[in-house]
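Q: Here's a sequence, model it:
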Amino acid sequence: MRLFEFQLDDPLRVKLVAATNQLKSRMEDTANNEPMSTDAFLSLLRNKYDITIDKSDLYDMVKKDPLKNIIDNINGSEIIFKGQRSDKLDVSPDEAEQTVAKMAQRASSKLG
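A: Numbering: from 1, shown residues only. Presented below is the predicted three-dimensional model:
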């Protein structure tokens, strides 16, 4: 945490930053590269850290300091922390099906 994060001295803000940093650290320690669902994140904040915010507040908060330094993006219903990569590709089902068909065709031509 950086000192400017405590600049406004808002207890909720300080608690939220500390909780978010802990969750991010936990994911890094376990080498979990999967994004966390927004619902799971909000549930953990509420149940473990006694912080109650809703999705719209969260969307606003991640655009500003200090959360924008911890959370990279909220992609749909998933939270992606800074330094975390999502292995999921933005590919339509048709494109995925075509790719699999091409791979199968190449594999069968190598066998035959």
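Q: contacts and neighbour counts: CA atoms only from here.
A: Fine.
Q: Pretty sure Asn21 sits against Lys68.
A: No - contact status for Asn21 versus Lys68: not in contact, 11.7 Å apart, counting by CA atoms under 8 Å.
Q: what residues are up against Thr52?
A: Listed by CA atoms under 8 Å, 6 or more residues apart in numbering, the contact set of Thr52 reads Leu42, Leu45, Arg46.
Q: Most neighbours of all those residues, which one?
A: For the contacts of Thr52, counting by other CA atoms under 10 Å, the largest number of neighbours falls to Leu45: 19 neighbours.
Q: follow-up on the earlier one: out of the contacts of Thr52, which is nearest to Ala101?
A: Distance ranking of the contacts of Thr52 against Ala101, using CA to CA, places Leu42 first at 39.8 Å.
Q: Surely the closest one is in a strand?
A: No - counting by DSSP: H, G, I helix; E, B strand; the rest coil, Leu42 is located in no strand; its state is helix.
Q: how about it, what does it touch?
A: Thr52, Ile53, Asp54, Lys55.
Q: can you list those residues in CSV and add secondary structure?
A: CSV is the format used below for the contacts of Leu42 (three-state DSSP):
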residue, secondary structure
Thr52, coil
Ile53, coil
Asp54, coil
Lys55, helix
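Q: ok so, going back, quick check, nearest of the contacts of Thr52 to Ala107?
A: Nearest to Ala107 among the contacts of Thr52 is Leu42, at 44.8 Å by CA to CA.
Q: I'd like to know how far that closest one sits from Lys55.
A: Leu42 is 8 Å from Lys55, where distance means CA to CA, to the nearest Å.
Q: Kindly report the same for Leu23.
A: 17 Å.
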